[in-house]
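*Asks:* here's a sequence, model it:
(2 chains)
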Protein chains: 2
Amino acid sequence: MTPETPSALPSAARTVFFVSDGTGITAETFGHSVLTQFELRFRQIRLPFIDTLDKAHDAARKINEAFARDGQRPIIFSTLVKTDLSSVIRKSSGLHMDLIQTFVAPLEQELGVKSTHTIGRSHNIVDSEEYKNRIEAINYSLAHDDGQSHKNLSSADVILVGVSRSGKTPTSLYLAMQYGIKAANYPLIPDDFEREKLPSALNEFKAKIFGLSITPERLSEIRNERRAGSKYAAIENCRYEVNEAEKMMKREGIRWLSSTTKSIEEISTTILQEIKPNRREY
Amino acid sequence: MTPETPSALPSAARTVFFVSDGTGITAETFGHSVLTQFELRFRQIRLPFIDTLDKAHDAARKINEAFARDGQRPIIFSTLVKTDLSSVIRKSSGLHMDLIQTFVAPLEQELGVKSTHTIGRSHNIVDSEEYKNRIEAINYSLAHDDGQSHKNLSSADVILVGVSRSGKTPTSLYLAMQYGIKAANYPLIPDDFEREKLPSALNEFKAKIFGLSITPERLSEIRNERRAGSKYAAIENCRYEVNEAEKMMKREGIRWLSSTTKSIEEISTTILQEIKPNRREY
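*Replies:* Sure thing, here's the model as predicted:
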C-alpha cells in the first residue's frame, strides 16, 4: 500500500471490499494490515451494515460490477457472522476472505461450544461497562488536556508530561478512546525549567507519569506550522526546552520516550506496557 | 465475551494472547470480534513488539506457562509477519491463529506477487500523508469543538450539530482519529430554537452538516451526571430541547440520527455513508 508509482504498478489497482454486518471497522483494520504486506495500490470500498439478504445481494452486485469494470477479481475481507449472508458474498466473483468463519470453526472445536452468530456484537456495546468507561475517559482526557485542571488528578490512569507540541494531546485522546484510559496531560514549560522542578501538582503522582520527548528539529518544524518565525518555534529555543525537559525527566526518574518517529498507536502501546494501569494486564 | 456469570462458565476462563511484531492493535481488534461470538469469558494478554527471536521465545514461554497454570490450551491470535518468529509461536502449546499467513498465501497467489514480510507497516506510518492528516484532523476537531471557533469551517469535512450532550464531541474526535476527517461540532441552544434558525455561521455549509439527536430520558440522565438537579438536566427541559432540535433539523433538511443506542463507531460509520467526504469512497 505505497503511494502510486507507475513502475510499481504492473496493472490497474485492484478493488478491495470490506464487507460487514456492523461498522466494517474490524474488517478494514485487519484487511489494511494484510494488504500493507504487498507493494501494490488498492482501491478500497467499505460496505457496512450488510445485515439483510437484500443488502447482501446488493453488495454482491457491487463486487461483480467491480470485476466487470476492472477485469480482475476484487478482494473481499468479510466479517459477516450469519452464514446465509456470507454465502451470498461467497457466490460473488471476488476472492472471499471470510475472517469470521475461518477462525470460528477451529475455535468452536477447541472451546467445545457453538458460536452465537450474533450480528454487530463488536461495536454495538453502548450499554456495556467498557463502552461507558471509554466515553468517560474521553471526557476526562479533554478536561485534563494541557494542564487545564488540577482537579481529580488522582483519578488519572496516566499523566503525560512533555514540552508543548511533543504529542501529548493526540496520545491522551487515543489512550482514552481506544482503551478507556483516563489520560491527563501536563506541559513542561520554561518556568518549570528555571525552578528545576516538576509542576508541584504532579509530585504525588510520579508512579503514573510518563514523558514524551521529541527531537528539537522536528519540534521546531511543528511549532513553525503554528507560529512561523516566533521565538517559541526557533530551533535554539526548541533545543533549550527539549534538553531541559529530558534533564528533568532523568532527574525525577520519569520514564519517557521520543515521539519523533512513533505513531500515537506505538506511543500508547509503549505507555501501557510501562505504566500498567490496573484495569488491564500486559 | 459477556460479563462473568457463574452459570455460563463451565470451566475457568481461557487465556487469550494477542501476539504482534507491532502494537498488537490489529490482532486484538480482530480477536475481540471473533471472541464476541462466544458466550464465554476470556483472560486477555497482549504481547506487542515481538520483533526478535529472543522476544518470540519469551512469548512462547508465557504461553506455555499459561497452559500449565490453566490446564487448558491458550488461544493465540498472532500477526507476526516474519516466518521465523511465527514458527516459534506455532511450536508453543497454544491454539495458533495465524492471521497474516492464513490470508497472505492466497493473496500472493491471486495478486501474482510475493508479500514483503516487512514488520510494523500498519501502525508505523508517521511520515505518511495519511498519518499527518489524522493528526491535523485531531487538532482541527479539538479547535472546533462545541462551536469554539467559526474560523475555517469551510475546511471541515463534517459539521455535527445537536443539543448539548448528544454525543457530538466523542464522535468528532473518533472521526478525526480513525479517519482523518476534520469534524467540527456546533451546539444547538435555546437561543437558536427561539429564533427558529440554525446558527448563522452554519448557513453556507448545509451539505456537510449532520445532526445527532437523543431520547429526552437518556439526555436527562447524562446531564444529571454533570449537573444534578439543574433546570438544564430536567426532563421537561430535555424534552423541549430535543423536540425543538429535531423540528429544526427537519425544517432545514439536515440528515440526522438518534445516538441513544449507538456507539461512536456506529454513528461515525453512518455519518461517513451519508456525508461521503471527498477523500474516501463509500
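*Asks:* what residues are up against residue A:92?
*Replies:* The contact partners of residue A:92, taken as Cβ atoms under 8 Å, 6 or more residues apart in numbering or on different chains, are A:59, A:60, A:63, A:64, A:76. (C-beta placed from N, C-alpha, C; glycine too.)
*Asks:* 7 Å instead?
*Replies:* By Cβ atoms under 7 Å, 6 or more residues apart in numbering or on different chains, the residues touching residue A:92 are A:60, A:63, A:64.
*Asks:* and residue A:14, by the same measure?
*Replies:* A:42, A:43, A:70, A:72, A:74, A:75.
*Asks:* can you give me the strands for the stretch 51-200 of chain A?
*Replies:* Per DSSP state E, counting those that start in this stretch, the stretch 51-200 of chain A carries strands over the ranges A:75-78, A:95-98, A:158-162, A:183-187.
*Asks:* circling back: let me know the closest of the contacts of residue A:14 to residue B:25.
*Replies:* residue A:42 (20.4 Å; Cβ to Cβ).
*Asks:* which of the contacts of residue A:92 fall in helices?
*Replies:* A:60, A:63, A:64 (DSSP state H).
*Asks:* of the residues you listed, closest to chain B?
*Replies:* residue A:63 (14.2 Å; Cβ to the nearest Cβ).
*Asks:* for stretch A:222-234, which outside residues touch it?
*Replies:* A:165, A:220, A:237, A:238.
*Asks:* what's the farthest-apart pair in those?
*Replies:* A:165 and A:237 (12.0 Å).
*Asks:* more neighbours: the two, which one.
*Replies:* A count of neighbours by other Cβ atoms under 10 Å in any protein chain shown puts residue A:165 above the other of residue A:165 and residue A:237, at 23 against 18.
*Asks:* about what we covered before: show me which of the contacts of residue A:14 neighbour chain B.
*Replies:* residue A:75 (Cβ under 7 Å from any Cβ of the partner chain).
*Asks:* most neighbours among the contacts of residue A:14, which one is it?
*Replies:* Going by other Cβ under 10 Å, residue A:75 tops these with 26 neighbours.
*Asks:* do I have it right that it meets residue A:16?
*Replies:* Yes - applying Cβ atoms under 7 Å, one finds residue A:75 in contact with residue A:16, separated by 4.7 Å.
*Asks:* domains for chain A, by residue range?
*Replies:* Domain assignment for chain A by the TED database gives A:11-123, A:129-275.
*Asks:* looking at those domains, which has the lowest confidence?
*Replies:* Mean pLDDT across the domains of chain A is lowest at domain A:11-123; the value there is a mean of 91.
*Asks:* hey, where'd the helices end up in chain A?
*Replies:* A:25-35, A:53-70, A:83-90, A:99-111, A:129-143, A:168-179, A:190-195, A:216-226, A:235-252, A:264-275.
*Asks:* could I get these as TSV with distance to residue B:52?
*Replies:* Putting the helices of chain A into TSV (distance: least, Cβ to Cβ, whole Å) gives the following:
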stretch	distance to residue B:52
helix A:25-35	20
helix A:53-70	40
helix A:83-90	38
helix A:99-111	27
helix A:129-143	33
helix A:168-179	26
helix A:190-195	37
helix A:216-226	27
helix A:235-252	27
helix A:264-275	16
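*Asks:* and of these, who's closest to residue B:103?
*Replies:* helix A:25-35 (5.1 Å).
*Asks:* what sits against residue A:146?
*Replies:* So residue A:146 contacts A:169, A:185, A:187 (Cβ under 7 Å, 6+ apart).
*Asks:* list buried members of the residues you listed by neighbour count.
*Replies:* A:169, A:185, A:187 (16 or more other Cβ atoms under 10 Å in any protein chain shown).
*Asks:* which one of the residues you listed is nearest chain B?
*Replies:* Nearest member of these to chain B, counting by Cβ to the nearest Cβ, is residue A:169, at 7.0 Å.
*Asks:* so what's the closest one closest to, chain neighbours aside?
*Replies:* Excluding the flanking residues, the one nearest residue A:169 by Cβ to Cβ, 6 or more residues apart in numbering or on different chains is residue A:145, at 5.7 Å.
*Asks:* residue A:257 versus the one you found, what's the distance?
*Replies:* Separation of residue A:145 from residue A:257 (Cβ to Cβ, to the nearest Å): 20 Å.
*Asks:* now residue A:167
*Replies:* With Cβ to Cβ as the criterion, residue A:167 and residue A:257 are 10 Å apart.
*Asks:* ditto for residue A:217
*Replies:* Taking Cβ to Cβ, one finds residue A:217 at 17 Å from residue A:257.
*Asks:* these two: which is more packed in?
*Replies:* residue A:257 (18 against 12).
*Asks:* hang on, that one packs against residue A:270?
*Replies:* Yes - the pair residue A:257 and residue A:270 passes the contact test of Cβ under 7 Å, sitting 5.8 Å apart.
*Asks:* point out the most buried one among the helices of chain A.
*Replies:* Of all those, helix A:168-179 carries the top mean neighbour count, a mean of 25, counting by mean count of other Cβ atoms under 10 Å in any protein chain shown.
*Asks:* does that helix pack against any helices or strands, and if so which?
*Replies:* Applying 3 or more Cβ pairs under 7 Å, 6 or more residues apart in numbering or on different chains; DSSP states H and E, one finds that helix A:168-179 contacts helix A:129-143, strand A:158-162, strand A:183-187, helix A:264-275, helix B:129-143, helix B:168-179.
*Asks:* alpha carbons of that helix, as PDB, please.
*Replies:* Only the C-alpha atoms of helix A:168-179 are listed here, as PDB (Å, rounded to 0.1, in the frame of the first residue of the first chain):
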ATOM      1  CA  LYS A 168       0.700  14.700  24.400                       C
ATOM      2  CA  THR A 169      -2.800  15.700  23.300                       C
ATOM      3  CA  PRO A 170      -3.400  13.100  20.500                       C
ATOM      4  CA  THR A 171      -1.800  10.400  22.600                       C
ATOM      5  CA  SER A 172      -4.000  11.200  25.600                       C
ATOM      6  CA  LEU A 173      -7.100  11.100  23.400                       C
ATOM      7  CA  TYR A 174      -6.000   7.800  21.700                       C
ATOM      8  CA  LEU A 175      -5.500   6.200  25.100                       C
ATOM      9  CA  ALA A 176      -8.900   7.300  26.200                       C
ATOM     10  CA  MET A 177     -10.800   6.400  23.000                       C
ATOM     11  CA  GLN A 178      -9.100   3.000  22.400                       C
ATOM     12  CA  TYR A 179      -8.600   1.700  25.900                       C
END
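*Asks:* what inclination does it have with respect to helix B:25-35?
*Replies:* Here the directions of helix A:168-179 and helix B:25-35 differ by 20 degrees (axes from the mean of the first three to the mean of the last three Cα atoms, to 10 degrees).
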